[in-house]
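*Asks:* This is a predicted model, with the sequence first.
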Amino acid sequence: MKDKLDDILKDFQNRVVSISSIQKLEDLKVEFLGKKGALTSVLKNLKNVAPEERGIVGKLANQIKVSINGEIVAKRAEIENNLVNEKIASEWLDVTLNSSKSQLGGIHPISKIQYEIEDIFMSLGFSVLDGPHIETDYYNFEALNIPADHPARDMQDTFYFDNGAILRTHTSAIQVRGMEKIKPPFKVIGPGRVFRVERTDASHEAAFHQLEGMVVGEGINVANLISTMKTLLREIFKKDVEVRLRPGFFPFVEPGFELDISCLICNGKGCSVCKQSGWVELMPCGMVHPNVLKHGGIDTEKYSGFAFGLGMDRLVMMRYKIEDIRHFHSGDLRFSGQFV
Ligand code: PHE
């Protein structure tokens, strides 16, 4: 009986060396230790062994069972280890190899300049306000001193919805909304997209961008307006820029101005961009009309203010020397990729 047990162990040991898959190992385990396995049948026959040997044989059989189990565990670990090593060998990657370049997204040049200008104004103590694209007639016109049949409405060709709502034609619509929320003195800007019925060409788009500014306080005057504008332009263009004011008409400012800057392309000498005049029209502005302040619930005896509307698209075009406004909405990656 002892010999038989030794044979079983030897047999197992001979067979286990050549095994290289988990499945075959499982089969071998069943063959030796399973219910009908070689070792099990020996144990079952233990009752036929002479009683004085039974203890020894039983003990030996158990030892063999333990060693077979141990060898199976070791073999399993070996096979699993080999599998991992094979995978590492066949699937390794050289992470230092050049990969094909994927396109990176970027910030649109208009947003980029908008964020930059917001930062400049915030450093001057301004807050940034927002307003809806879809506006009421009241905020876009009425509250800005442009009553229903005022001819100034024709200056801004408006997109109307069936229910009388409109797409805002200028960021000035943010002015009265702002005054309803904040009490003077205050300094605010309101950047955003505006819409007008336009035949598009190199310098006109139906959707474009403005940045409204408004300062209200005691004793605010035209000198404050000019110095704020000069500071802004110096920050944007990184140098002192000469400015001039011409009279300009907007119902919501009195007096109203057109602020021109000396042409940065030709340094004021005259070129095709400034139509040989040496000046480029950049920013309408003026002292806020008392009627507008009143709509905002502000005491016009005590407070005055100035406002301006910066045309962002033109500014970005000047800054990057972009010759056609339609590039902005073209979705052409060759265009937008230059600003990443
Ligand atoms: N809202 C005016 C426009 O779009 C610009 C403007 C703003 C003029 C503020 C004066 C003061 O044309």
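*Replies:* Happy to help now that I have it. Everything numeric here is computed off the predicted structure, so don't read it as measured data. Residues are numbered from 1 along each chain as shown.
*Asks:* For Tyr303, what are phi and psi?
*Replies:* phi -120, psi 150 (degrees, to the nearest 10).
*Asks:* List the residues that contact it.
*Replies:* When contacts are counted by C-beta atoms under 8 Å, 6 or more residues apart in numbering, Tyr303 touches 184-185, 216-218, 220, 293. Every C-beta, even on glycine, is put in place using the N, C-alpha and C of the backbone.
*Asks:* what do you get if the cut-off is 10 Å, keeping everything else the same?
*Replies:* 183-186, 216-220, 288, 290, 293, 296 (C-beta atoms under 10 Å, 6 or more residues apart in numbering).
*Asks:* Run a quick neighbour tally on Val216.
*Replies:* 24 (other C-beta atoms under 10 Å).
*Asks:* Which helix or strand contains it?
*Replies:* strand 207-217 (DSSP states H and E).
*Asks:* List only buried entries from the contacts of Tyr303.
*Replies:* The neighbour-count test (16 or more other C-beta atoms under 10 Å) marks 184, 186, 216, 220, 288, 290, 293, 296 as buried among those.
*Asks:* Next, count neighbours for the residue of the chain found nearest the ligand.
*Replies:* As assessed by C-beta to the nearest ligand atom, the ligand sits closest to Gly309 within the chain, at 2.8 Å. For Gly309, the count of nearby residues is 23 (other C-beta under 10 Å).
*Asks:* Please apply the same query to Tyr138.
*Replies:* Neighbours around Tyr138, by other C-beta under 10 Å: 12.
*Asks:* buried ones in stretch 258-274?
*Replies:* Neighbour-count burial for stretch 258-274 [16+ other C-beta under 10 Å]: 258-264, 268, 273-274.
*Asks:* and if you look at stretch 1-12?
*Replies:* Neighbour-count burial for stretch 1-12 [16+ other C-beta under 10 Å]: 1, 5, 8-9, 12.
*Asks:* The residues you listed in helices, which ones?
*Replies:* 5, 8-9, 12 (DSSP state H).
*Asks:* Would you mind splitting this structure into its domains for me?
*Replies:* Using automatic domain parsing, the domain parsing of the chain gives 2-91, 109-339.
*Asks:* circling back to that earlier point, nearest to Glu86, of the ones in helices among the buried residues of stretch 1-12?
*Replies:* Nearest to Glu86, judged by C-beta to C-beta, of these is Phe12 at 25.9 Å.
*Asks:* contacting residues around that closest one?
*Replies:* 28-29, 31-33, 38-39, 64, 67-68, 71-72.
*Asks:* That one and Ile189: what is the separation?
*Replies:* For Phe12, the distance to Ile189 (C-beta to C-beta, to the nearest Å) stands at 85 Å.
*Asks:* Also His209?
*Replies:* Applying C-beta to C-beta to His209 and Ile189 gives a distance of 13 Å.
*Asks:* Which one's more surrounded, the two?
*Replies:* Ile189 (26 against 22).
*Asks:* Locate the more buried one within the secondary structure: which element?
*Replies:* strand 186-195.
*Asks:* other SSEs contacting that strand?
*Replies:* If contacts are counted by 3 or more C-beta pairs under 10 Å, 6 or more residues apart in numbering; DSSP states H and E, strand 186-195 sits against helix 109-123, strand 127-128, strand 134-135, strand 166-167, helix 173-181, strand 207-217, strand 304-311, helix 312-320.
*Asks:* and these as CSV, adding mean pLDDT?
*Replies:* Listed next are those as CSV, based on pLDDT from 0 to 100:
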stretch, mean pLDDT
helix 109-123, 94
strand 127-128, 97
strand 134-135, 98
strand 166-167, 95
helix 173-181, 96
strand 207-217, 97
strand 304-311, 96
helix 312-320, 86
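*Asks:* Do a quick rundown of the helices in the stretch 151-300 of the chain.
*Replies:* 173-181, 222-237, 290-295 (DSSP state H, counting those that start in this stretch).
*Asks:* Which one of those helices has the poorest average confidence?
*Replies:* Note on these: lowest mean pLDDT is at helix 222-237, with a mean of 91.
*Asks:* re earlier: quick one: strands adjacent to the strand holding Val216?
*Replies:* strand 186-195 (antiparallel), strand 304-311 (antiparallel) (DSSP bridges).
*Asks:* Turn the buried ones among the contacts of Tyr303 into CSV, including distance to the ligand.
*Replies:* Converted to CSV, these look like this (distance: C-beta to the nearest ligand atom, whole Å):
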residue, distance to the ligand
Pro184, 17
Phe186, 16
Val216, 13
Ile220, 14
Val288, 8
Pro290, 14
Leu293, 13
Gly296, 14
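*Asks:* Val42 - that's part of a helix, no?
*Replies:* Yes. Membership of Val42 in a helix is supported by DSSP: H, G, I helix; E, B strand; the rest coil.
*Asks:* Please give me every residue in contact with it.
*Replies:* Val42 neighbours (C-beta under 10 Å, 6+ apart): 1, 4-5, 8, 49, 57-58, 60-61, 64-65.
*Asks:* Okay, now the unreliable bits of this structure?
*Replies:* Residue ranges of the chain with pLDDT under 70: 155.
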